[in-house]
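*Asks:* Kindly generate the corresponding structure for this input.
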Amino acid sequence: MARLELLLIFVLQFEGISGRVSFLYKRPGEEAVLSCTTESSSPPTCSMVMWLYNRDQPETLTEVRNGKVTERSARAARLSVNTDCSLVINTITAEDAGLYTCRQWEDTSTYLSVLTISPSPPDADPKRDGNVTLECSLFSISYRPWLENRIRWVDETGAELLGEGDGYRVLQQTDCVSFLTVKRQSGHNRKYTCQLVDKQKNVKIEADYPPDFIGEITDPTGVSPLSYVMWTVRVAGLILMIVITVLVIRNKWNTKPLEKDNNVNNGADVQYENVEARPAAARPQ
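*Replies:* Numbering: from 1, shown residues only. Below you'll find the model as predicted:
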């Protein structure tokens, strides 16, 4: 009886949804492209396409009407429609999670879920000593009884973190939220990854902490690559200023003697030009 009731709720909540159903997983800040076509359907006419959005609310919002983004949509600035009528969502946030339906001759539905990972306190520096609590959350439409996904934590070697171990402790874990406390130590960079996996342990999406760990260049001196760049720029600027100063001083030094020579020559010319021949004095007889 309970299963029948759940099935009835599902049918009533999503009545009219048919055609292809897909699942899309994203991280905050990424771009999502939601398709409006199916393998059996013909290319849609975008001027007749509607995009509907619903997330645990009684009212279904119309994001796109007649192929154009609704101006009243709170996300209008981040939404656009491609030439194939697919819906593009830029700079995804957790609030964008939910059910999207492209309504045409045959409906196409996409369940968009957003995986986030955030430290507590929010301004925690991953390069300083101390404990940090990481919260990994999956934002999606709440009613999804057919999904059997779960969240798990793994370290930089890919080993799953369970219970309590060296430098970590799993505090709480459900299907959609998991908390992990880790101990940061200077000079010992470690990566913690939150993964969403299905029943077969296939990874659907994952997020790392710290997010910029991949590709980060470490230095035993503790100086970051950015510090090296800034130091190089400062030294280059100092050298340039020294060169300019030397050139200016040299130019002034070479100019002053020339001016003195010119003055001396001019004075000499004037002196010789003003000299007049005088008659010799007559000798006394």
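*Asks:* Just give the nearest non-adjacent residue to Ser73, would you?
*Replies:* Glu63 (5.3 Å; CB to CB, 6 or more residues apart in numbering). In short, each C-beta sits where N, CA and C put it, glycine included.
*Asks:* nope, Gln195 is what I meant
*Replies:* Nearest one to Gln195, counting by CB to CB, 6+ apart, is Glu206 at 4.3 Å.
*Asks:* can you count the residues close to the spatially closest residue to Tyr111 that is not a sequence neighbour?
*Replies:* In this structure, Tyr111 finds its nearest non-sequential neighbour in Phe23, 4.9 Å apart by CB to CB, 6+ apart. When neighbours are counted by other CB atoms under 10 Å, Phe23 registers 15.
*Asks:* Contact partners for Phe23?
*Replies:* Contact analysis of Phe23 by CB atoms under 8 Å, 6 or more residues apart in numbering lists 110-111, 113, 147, 204.
*Asks:* So what does it look like in phi/psi?
*Replies:* phi -120, psi 130 (degrees, to the nearest 10).
*Asks:* pLDDT wise, what is it at?
*Replies:* On pLDDT, Phe23 comes in at 92.
*Asks:* Same check on Leu87?
*Replies:* 95.
*Asks:* which residues does it bridge with?
*Replies:* According to DSSP bridges, the residues that bridge with Leu87 are Leu34, Val81.
*Asks:* Glu31: neighbouring residues, count only.
*Replies:* Residues contacting Glu31 under the criterion other CB under 10 Å number 11.
*Asks:* How about the one 3 residues further on?
*Replies:* Burial of Leu34, expressed as a neighbour count using other CB under 10 Å, amounts to 20.
*Asks:* Distance of it relative to Ala207?
*Replies:* 21 Å (CB to CB, to the nearest Å).
*Asks:* what's the answer for Asp107, then?
*Replies:* Asp107 is 31 Å from Ala207, by CB to CB.
*Asks:* again with Met241
*Replies:* Distance from Met241 to Ala207, by CB to CB: 46 Å.
*Asks:* Those two: which is more packed in?
*Replies:* In this view Met241 and Ala207 are compared by other CB under 10 Å, and Ala207 has more residues nearby, 19 against 10.
*Asks:* Give the residue spans of the stretch 151-285 of the chain that score low on pLDDT.
*Replies:* Scanning the stretch 151-285 of the chain for pLDDT under 70 picks out 185-189, 212-231, 255-285.
*Asks:* burial count for Arg78?
*Replies:* 16.
*Asks:* Not counting sequence-adjacent ones, nearest residue to it?
*Replies:* Asn90 (4.6 Å).
*Asks:* What of Ser113?
*Replies:* Ser140 (3.7 Å).
*Asks:* Show me which of the contacts of Phe23 is closest to Thr193.
*Replies:* Lys204 (13.0 Å; CB to CB).
*Asks:* Tell me the buried residues in the host helix or strand of the closest one?
*Replies:* If you go by DSSP states H and E, Lys204 is part of strand 203-209. Across strand 203-209, burial judged by 16 or more other CB atoms under 10 Å covers 204-209.
*Asks:* Run me through the strand neighbours of the longest strand seen in the chain, direction for each.
*Replies:* Secondary structure of the chain per DSSP state E: the longest strand is strand 108-120. According to DSSP bridges, strand 108-120 forms sheet pairs with strand 20-26 (parallel), strand 98-103 (antiparallel), strand 130-139 (antiparallel).
*Asks:* So what angle separates the directions of that strand and strand 203-209?
*Replies:* 30 degrees (axes from the mean of the first three to the mean of the last three CA atoms, to 10 degrees).
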